[in-house]
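*Asks:* here is my input; please provide its structure:
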Amino acid sequence: MRPLTNVIRCARKTGFSILLLAGTCTMGTALGFAASPNSETIQATYTQAGKTIGITLIIYNYSTPSDLQVLSRAFEEGQDRALATALSKTKAVGHCSITGALSYDVAFIQMDVTPTGRQITFVTSRPHPLNEAGADAQSQSFDLAVGQFDLNDTDSTKNKGFFYPASKLVIDKQGVFRYDLSGNPWSLVNVLDSKTAPGETLALGPEN
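*Replies:* Numbers count the residues shown, from 1 in each chain. Presented below is the predicted three-dimensional model:
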């Protein structure tokens, strides 16, 4: 896999909190931290080489301001690698499942109110499949999984999202944040949002 640089460029170095908020580099929105959603599920699909891949995010809780402070401090002290380590030690607030791939806990989930609904951003350290090291050792340095959903309260057909299955957070010489990716970004469609009752079984989508 070849890294794609400058896929996403964000504001100048003004704090990691901005980067978590601005998954698409949209500035001017206040940070929002919500109470527990009591289990919320977001499902979406991505098509790659004619194959449909399902991705499911289960939200147990939203992260707190103190969680963000811990992650911000880790990034300031050791940048991407320290951030990934801090995420791996953070209590899970959700779970991400991908059809035909590894599933993993999600360490950070943030919800922000938008003019049309809500924007949910999630960041976590990603597991490295056993066959990845042999196939592409370079991808081992891409240790974050990052995703975002834009949910429209009045028209669910306008829901959309993206997912970076293997990325890392860097600051360039101009002091600008960006995500570098190993492989291609996923543009998510068929985004559905639902609340589930405690103990309800969730359908993760068919294997394709």
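*Asks:* now stretch 96-103: buried residues?
*Replies:* For stretch 96-103, the neighbour count (16 or more other CB atoms under 10 Å) marks 96-99 as buried. The C-beta positions use only the backbone N, C-alpha and C, and glycine is treated the same way.
*Asks:* would you say A82 is within a helix?
*Replies:* Yes: counting by DSSP: H, G, I helix; E, B strand; the rest coil, one finds A82 located in a helix.
*Asks:* skipping adjacent residues, who's closest to it in space?
*Replies:* A74 (4.6 Å; CB to CB, 6 or more residues apart in numbering).
*Asks:* can you give me the strands in the chain?
*Replies:* For the chain, strands defined by DSSP state E occupy the ranges 3-12, 40-48, 51-59, 94-98, 104-106, 108-114, 117-125, 144-152, 160-171, 176-182, 186-195.
*Asks:* of all those strands, which one is nearest G78?
*Replies:* strand 160-171 (11.3 Å; CB to CB).
*Asks:* just to revisit the earlier point, residues contacting the residue nearest to A82?
*Replies:* Applying CB atoms under 8 Å, 6 or more residues apart in numbering to A74 gives the contacts 82-83, 85-86.
*Asks:* can we see that at 10 Å?
*Replies:* 16, 80-87, 89-90 (CB atoms under 10 Å, 6 or more residues apart in numbering).
*Asks:* any idea how far it lies from A84?
*Replies:* As for A74, its distance to A84 is 9 Å (criterion: CB to CB, to the nearest Å).
*Asks:* alright, calling it a day.
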